[in-house]
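In: what's the 3D shape of this:
(2 chains)
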Number of protein chains: 2
Amino acid sequence: MAERGPRVVRKLAELRGITAEWRRAGLSSALIPTMGALHEGHLALVRLGQTRAQRTVTSIFVNPTQFAPHEDFARYPRDEAGDLAKLGEVGCDLMWAPDVKEMYRPCAATRVVPKGAAQGLETDFRPHFFEGVATVCCKLFSQCQPDIAVFGEKDYQQLCVVRQMVRDLDMPLEIVGMATVREADGLALSSRNRYLSADERRRAPLIHRVITEVGVKVRAGGAAEPATAAANMVLSAAGFRVDYVAVREAETLARCDPKRPCRVLAAAWLGTTRLIDNV
Amino acid sequence: MAERGPRVVRKLAELRGITAEWRRAGLSSALIPTMGALHEGHLALVRLGQTRAQRTVTSIFVNPTQFAPHEDFARYPRDEAGDLAKLGEVGCDLMWAPDVKEMYRPCAATRVVPKGAAQGLETDFRPHFFEGVATVCCKLFSQCQPDIAVFGEKDYQQLCVVRQMVRDLDMPLEIVGMATVREADGLALSSRNRYLSADERRRAPLIHRVITEVGVKVRAGGAAEPATAAANMVLSAAGFRVDYVAVREAETLARCDPKRPCRVLAAAWLGTTRLIDNV
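Out: Numbers count the residues shown, from 1 in each chain, chains lettered A, B, ... in the order given. Alright, predicted model coming up:
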């Protein structure tokens, strides 16, 4: 336990001053980009960052440009006091919490547009999502100038898109991915899990069970198509509205060459809550 | 005169090593991005960089992604031996000269897309030009991590687009613009001037004379529209094929509010050579 909470910074000029001091002192830093509503999964990312760098920055920013107008930007959970307490418990050094005005100039007109790993899957359902994610991550990296940035594998396509951006644009940092943290029953930790009713929460782990089963079948040499179709049917029968269940190449998310490492990814709605997972 | 030429670097890993050493030693650096075929205008940028930073890097890269298939990428002038000699004369520290394979991975899939200042003018005639420019400048900045980057005002819209990108994406460097260097007769120095025949070269300064006249009229309170129309007629009568003559706000390149600082910009063809200029 840290004796004091992280330093809270809301202005870019102040952030630049602190990170410049760290660099002058030869201290490495890790950025953990989040949208707040922190849970144990986020804290595991901070802890991983602490093992890899001498200073940790957790950004808390619910990014409006990655939500479509009909999505849950307004009701997305926000709990800054809780976030601050949790970051204090794990000993994070700095909480970077700009407001929307500090993040986006009113006349901002430059976007980072990812294709490749950003094509298909989430993009079929949230067409502008990764453009918003790539642009805000590019800004966060420029703002914080970390040596590494830590992302959870739970948002696996996002991790691939960010890695691709860093490679394509030669950004001077390393992207570190971390295995998804799960509840005892297999449900991936997510800020959106708090939307689930008690009944939905009980049914939610099915998504992890069915994609695990797809993974077992494909690893045993089975074809992806019938396995994902079966998974889709099981989820639909259990009351999920399935956006996709898919098997893709693990690095590029291209359609799968069965000889290369693959990833099973799924997104499905339970009531008004959209869950994603991958194995 | 420097005793020795600049260090020539062709691999990103080597560049990163050198610039990291500079940063560790507390040395600031200036980047001068060019497409080579250096002339006195470029060397003036290097000299300005030297007054503002302790180390100077000149990049030499004819960027294929900012040329359309029908444009002059293949015949764009290349003279690396001459460039190296000139950089040696002004005392530039490092020539960053990656080949296309070192600059672009075959599966690169992330682009920086500028709107705002990138809309209209050049974009009406070269639709993908600024996407190519913004993406390669973003990469050059990430590769070299300079404290400042120096651009000539001759490519004024490019300067505005790069400034906008740096502001919008919070890139940790300052963009420094430098007044256009001209021949005695007013022609802006440009690598493409060497395409001009003797007769075309004699007529080329007209573009500078007519936009200067537009500037005089507008500053005296005249409306932009008749002034640019007259300039267009004068150039056409002299055998230029005019792409545009326009008056825009100096910072945003938005359509002009006559109460704010304005810029007169023009692009026109003389034979097979496209000239641009602004005042």
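In: okay, now the unreliable bits of chain A?
Out: Within chain A, the segments meeting pLDDT under 70 span A:1-3.
In: domains of it?
Out: Domain ranges of chain A: A:7-178, A:191-278, per automatic domain parsing.
In: quick one: the longest helix seen in chain A to helix B:129-144, angle?
Out: When secondary structure is assigned using DSSP state H, the longest helix within chain A turns out to be helix A:129-144. Interaxial angle, helix A:129-144 versus helix B:129-144 (axes from the mean of the first three to the mean of the last three CA atoms, to 10 degrees): 40 degrees.
In: elements contacting the very next helix or strand once past helix A:129-144?
Out: As assigned by DSSP states H and E, the chain's next helix or strand after helix A:129-144 is strand A:148-152. In terms of contacts (3 or more CB pairs under 8 Å, 6 or more residues apart in numbering or on different chains; DSSP states H and E), strand A:148-152 is packed against strand A:29-34, helix A:40-52, helix A:129-144, helix A:156-168, strand A:174-178. Backbone N, C-alpha and C define where each C-beta goes, glycine included.
In: quick one, which of these is packed in tightest?
Out: Highest mean neighbour count of these: strand A:29-34, a mean of 27 (counted as mean count of other CB atoms under 10 Å in any protein chain shown).
In: ok, it: who's next to it in the sheet?
Out: Strand A:29-34 sits in its sheet next to strand A:55-60 (parallel), strand A:148-152 (parallel), going by DSSP bridges.
In: mean neighbour count added to these, as TSV?
Out: As requested, these are exported to TSV (neighbours: other CB atoms under 10 Å in any protein chain shown):
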stretch	mean neighbour count
strand A:55-60	26
strand A:148-152	23
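In: residue A:89 is nearest to which of the ones you listed?
Out: Between residue A:89 and those, the shortest gap by CB to CB is with strand A:55-60, which sits at 12.2 Å.
In: tell me what angle the closest one forms with helix A:40-52.
Out: Taking the same axes, to 10 degrees, one finds strand A:55-60 and helix A:40-52 inclined to each other by 150 degrees.
In: just the C-alphas of strand A:55-60, formatted as CSV.
Out: What follows is strand A:55-60, C-alpha atoms only, in CSV (Å, rounded to 0.1, in the frame of the first residue of the first chain):
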residue,chain,number,x,y,z
ARG,A,55,7.1,5.6,-12.9
THR,A,56,3.4,4.7,-13.8
VAL,A,57,0.8,7.0,-15.3
THR,A,58,-2.8,5.9,-15.5
SER,A,59,-4.9,8.0,-17.8
ILE,A,60,-8.6,8.3,-17.0
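In: which bits of the stretch 151-279 of chain A sit near chain B?
Out: Contacts of the stretch 151-279 of chain A with chain B, taken as CB under 8 Å from any CB of the partner chain, map to A:164-165, A:167-172, A:252.
In: so of these, which two are at opposite extremes in space?
Out: Pairwise distances among these were taken by CB to CB; the largest, 22.7 Å, belongs to A:172 and A:252.
In: helices along chain A, start to end?
Out: Ranges of helices in chain A, per DSSP H, are A:12-24, A:40-52, A:80-90, A:100-103, A:122-125, A:129-144, A:156-168, A:198-203, A:206-219, A:224-237.
In: count of neighbours near residue A:226?
Out: Residues within reach of residue A:226, counting by other CB atoms under 10 Å in any protein chain shown, total 11.
In: next one: the residue nearest the centre of chain A from chain B, what distance?
Out: Centroid-nearest residue in chain A, with CA atoms, centre = their mean: residue A:155, separated by 4.2 Å. Using CB to the nearest CB, to the nearest Å, residue A:155 is found at 17 Å from chain B.
In: much appreciated, bye for now.
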